[in-house]
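[1] 3D model of this:
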Amino acid sequence: MRVAEEIETKLRAAFAPSTLEVVDESEAHRGHAGYQEGGQSHFRVRITAQAFGAMSRIARHRAVHDALGKELVGRIHALALQIEGESSPNT
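    All right, here's what the predicted structure looks like:
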């Protein structure tokens, strides 16, 4: 399984997001630190979920890292996160 697919699978399972976009930006970093041939090193994630609604920015980032797990995060050189909370339907 490609890293982007692993990221998407883990985040969907953990947060049931209303929006989720995982983009492999590795090719844009060719020649930079952490680049590896074939990509799979630099990612941008945009996610929106109710679970993030009451969390601070730092708590959101920690929650995503926890959901991905140390092993997967350790294989990624760069992970840019855009995390949004959404209000619950009852509020």
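[2] Glu71: neighbour count?
    Other residues lying near Glu71 total 8 when counted by other C-beta atoms under 10 Å. For the C-beta atoms, the positions are set from N, CA and C on the backbone; glycine is no exception.
[3] residue ranges for the strands of the protein, please.
    19-24, 42-49, 78-85 (DSSP state E).
[4] Need the winner for burial among those strands.
    strand 42-49 (a mean of 20; mean count of other C-beta atoms under 10 Å).
[5] what residues does it touch?
    Residues from elsewhere that reach strand 42-49, judged by C-beta atoms under 8 Å, 6 or more residues apart in numbering: 3-4, 7, 11, 15-26, 28-29, 34-35, 64, 76-86.
[6] run the last query once more with 6 Å
    15, 17-26, 29, 77-84, 86 (C-beta atoms under 6 Å, 6 or more residues apart in numbering).
[7] Dump the strands of the chain into JSON lines; add distance to Lys70 as well.
    What follows is those, written out as JSON lines (distance: least, C-beta to C-beta, whole Å):
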{"stretch": "strand 19-24", "distance to Lys70": "19"}
{"stretch": "strand 42-49", "distance to Lys70": "16"}
{"stretch": "strand 78-85", "distance to Lys70": "13"}
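[8] Output the below-cut-off pLDDT ranges for this structure.
    Across the chain, the ranges flagged by pLDDT under 70 are 1, 27-39, 88-91.
[9] Tell me which of the strands of the chain sits nearest to Leu68.
    Closest to Leu68 of those, according to C-beta to C-beta: strand 78-85, at 8.1 Å.
[10] could you say what helices and strands that closest one packs with?
    Helices and strands touching strand 78-85, as assessed by 3 or more C-beta pairs under 6 Å, 6 or more residues apart in numbering; DSSP states H and E, comprise strand 42-49, helix 57-68.
[11] what angle separates the shortest one from strand 78-85?
    Using axes from the mean of the first three to the mean of the last three C-alpha atoms, to 10 degrees, the direction of strand 42-49 lies 10 degrees away from that of strand 78-85.
[12] Partner strands of strand 42-49 and their direction?
    Sheet neighbours of strand 42-49, with direction, are listed as strand 19-24 (antiparallel), strand 78-85 (parallel) (DSSP bridges).
[13] now these in JSON lines, with distance to Ile47?
    Formatted as JSON lines, those follow (distance: least, C-beta to C-beta, whole Å):
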{"stretch": "strand 19-24", "distance to Ile47": "5"}
{"stretch": "strand 78-85", "distance to Ile47": "6"}
